[in-house]
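> Provided below for reference: sequence and predicted model.
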Amino acid sequence: MSIENQEEKVESTSLEGVDGKKGGGIKKFLLFFLEIVKIAVIALIIVLPIRYFLFQPFIVSGASMAPNFATGDYLIIDEISYRFSSPERGDVVVFDADFISGYEGQRFIKRIVGLPGETVNIVNGEVQIIKDGQATVLNEGYLPKDLKTYGDKNITLQADEYFVLGDNREYSYDSRMWGVVIRDNIVGKAFLRILPITSLSEIPSPVY
């Protein structure tokens, strides 16, 4: 074999090795990319049902729930509990405000005060709950002791109707102004505060 032919053979072998390395690198990249896509798809399959059917985040905006909740509080809303049980007095709930003129597409956060079958009577700064002919002044320990609930109101709740108030009674736009919340409008109840991190905690249910 001539020297010229030997040189051609060496050159050819060298190029084939380079091409092989390039091909192997592309193959590894594609396998890595497919693995990432697979992980992302699995994550979506797990996360999306939780996000849309079990729990939802909600960021508080406004002062209507002060002093217990403030603008920027990041809450987790439990959507599943009310599929098996009814909302209770004291629950802090998030609901669709589409039925309130001017607030279509928005969500409110308020506290349930009156339940179906009860009469809510607000008079002299107090909230009275009337049931079976008995009137009881609501003892709301989660509010400042000197706080008054103004805006005289007397309303009897029908099936699936709830009377809600903001904790900041002086500045809350709630059932005193626009009426009751239908259960179908309730998204869920706030059960966990994530942010600010210094306030990380489960949201307690009050005892009356």
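Received it, and whenever you're ready, just let me know what you need. Residues are numbered from 1 along each chain as shown.
> domains of this structure?
With domains defined by automatic domain parsing, the chain comprises 1-56, 60-202.
> Now tell me which of those the model trusts least on average.
Lowest mean pLDDT of these: domain 1-56, a mean of 58.
> follow-up on the earlier one: so can I have a markdown table of the domains of the chain showing mean neighbour count?
Backbone N, C-alpha and C define where each C-beta goes, glycine included. Shown next, in a markdown table, are those (neighbours: other C-beta atoms under 10 Å):
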| stretch | mean neighbour count |
| --- | --- |
| domain 1-56 | 10 |
| domain 60-202 | 16 |
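> Select, out of the ones you listed, the one closest to Tyr208.
Taking C-beta to C-beta, domain 60-202 is the member of these nearest to Tyr208, at 6.0 Å.
> start to end distance for that closest one?
End-to-end distance for domain 60-202: 16 Å, by C-alpha to C-alpha, to the nearest Å.
> just stretch 193-206 next, same as before
Distance between the two ends of stretch 193-206: 16 Å, counting by C-alpha to C-alpha.
> Same question for stretch 138-149.
11 Å.
> which other residues reach that stretch?
By C-beta atoms under 8 Å, 6 or more residues apart in numbering, the surrounding residues in contact with stretch 138-149 are 67-68, 90, 113, 122, 125-129, 165, 167, 169-170, 206-208.
> Mind doing that once more with 6 Å?
With C-beta atoms under 6 Å, 6 or more residues apart in numbering as the test, stretch 138-149 has contacts from 122, 125, 127, 129, 169, 206, 208.
> Which ones among those residues lie within strands?
Per DSSP state E, strands hold the following members of the contacts of stretch 138-149: 122, 127, 129.
> which one of those residues is nearest Val94?
After measuring the ones in strands among the contacts of stretch 138-149 against Val94 - C-beta to C-beta - the closest member comes out as Val127, at 21.3 Å.
> ok now do that closest one, which residues does it touch?
138, 149.
> For it, give the beta-bridge partners.
Counting by DSSP bridges, Val127 forms beta bridges with Ile122.
> Let me see the ranges of the strands in the protein.
Going by DSSP E, the chain shows strands at 55-59, 74-78, 92-96, 107-114, 119-123, 126-131, 134-137, 153-156, 161-165, 181-182, 186-195, 201-202.
> can you redo these as JSON lines with distance to Ile39?
JSON lines is the format used below for these (distance: least, C-beta to C-beta, whole Å):
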{"stretch": "strand 55-59", "distance to Ile39": "22"}
{"stretch": "strand 74-78", "distance to Ile39": "24"}
{"stretch": "strand 92-96", "distance to Ile39": "32"}
{"stretch": "strand 107-114", "distance to Ile39": "32"}
{"stretch": "strand 119-123", "distance to Ile39": "51"}
{"stretch": "strand 126-131", "distance to Ile39": "52"}
{"stretch": "strand 134-137", "distance to Ile39": "56"}
{"stretch": "strand 153-156", "distance to Ile39": "53"}
{"stretch": "strand 161-165", "distance to Ile39": "42"}
{"stretch": "strand 181-182", "distance to Ile39": "41"}
{"stretch": "strand 186-195", "distance to Ile39": "25"}
{"stretch": "strand 201-202", "distance to Ile39": "31"}
